[in-house]
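Trainee: Following is a predicted model, sequence given first.
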Amino acid sequence: MSVQGMNLSPMQRIQWAAITYLNRPTANSTAAIIIWLTGALATKTFLGELGVIDTFARGIGIVVGVLCAIVLQAVLTLLEGPIWHSHLRVKRSRVILGFGALVVDTSLNVGGVWYFLQNLGNTTFWNAIASATNTQAGPSPVTILLLAVLFASAVSAAPEALWDL
């Protein structure tokens, strides 16, 4: 049974996805969950760098920070629904809101991915590229930014694409 054609509330969409996964998990849906959690990690990393997580998690610790990031990621995923699913495009305002959520989601992910990609020049992968191109320079900030945008966009879009396969 597909969710398309059904007029479900956001909470019902979450319940439907959870029940579908628990009844018949697939490799694609498992990969979608892992990538979605990676997006939540990127969001948590970026919000932690901004100090937002610390404001919410004072005295309680990292668990609250992780929960804040997961909730924010879930809200953004629900808001992005009309972009990925044509049956949710019932109002133009929802589509515009979905694109806004996608921009915010990707931006948060870029901030989180950038944190990890700063060490790209110290990896064997980058050493292989430097050796193949006969250079000694590490990646430029523009290269890191472009890779961060590429990875962040993929992390924002891949879970929905994989879940539907």
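Mentor: Looks like it came in fine. Numbers count the residues shown, from 1 in each chain.

Trainee: Please point out which parts of the strand or helix carrying Val71 sit buried.
Mentor: For Val71, the element it lies in under DSSP states H and E is helix 62-79. Neighbour counts over helix 62-79 (16 or more other Cβ atoms under 10 Å) mark 65-70, 72-73, 76-79 as buried. Quick note: C-beta positions are derived from backbone N, CA and C, even for glycine.

Trainee: just checking, what packs against the helix ranked longest in the chain?
Mentor: The helix that spans the most residues within the chain, counting by DSSP state H, is helix 92-117. When contacts are defined as 3 or more Cβ pairs under 8 Å, 6 or more residues apart in numbering; DSSP states H and E, helix 92-117 sits against helix 27-50, helix 62-79, helix 81-84, helix 141-164.

Trainee: least trustworthy helix or strand in this structure by mean pLDDT?
Mentor: helix 52-56 (a mean of 64; mean pLDDT, DSSP states H and E).

Trainee: Any regions of this protein where pLDDT drops low?
Mentor: 1-8, 10, 53-61, 164-165 (pLDDT under 70).

Trainee: residue with max distance from the center of it?
Mentor: The centre of the chain is farthest from one residue, Asn134, which by Cα atoms, centre = their mean lies 34.7 Å away.

Trainee: which residues does that residue contact?
Mentor: Listed by Cβ atoms under 8 Å, 6 or more residues apart in numbering, the contact set of Asn134 is empty.

Trainee: Go through the buried residues of helix 62-79 and name the one nearest Gly111.
Mentor: Minimum distance to Gly111 across the buried residues of helix 62-79 is 11.8 Å, recorded for Ala69 (Cβ to Cβ).
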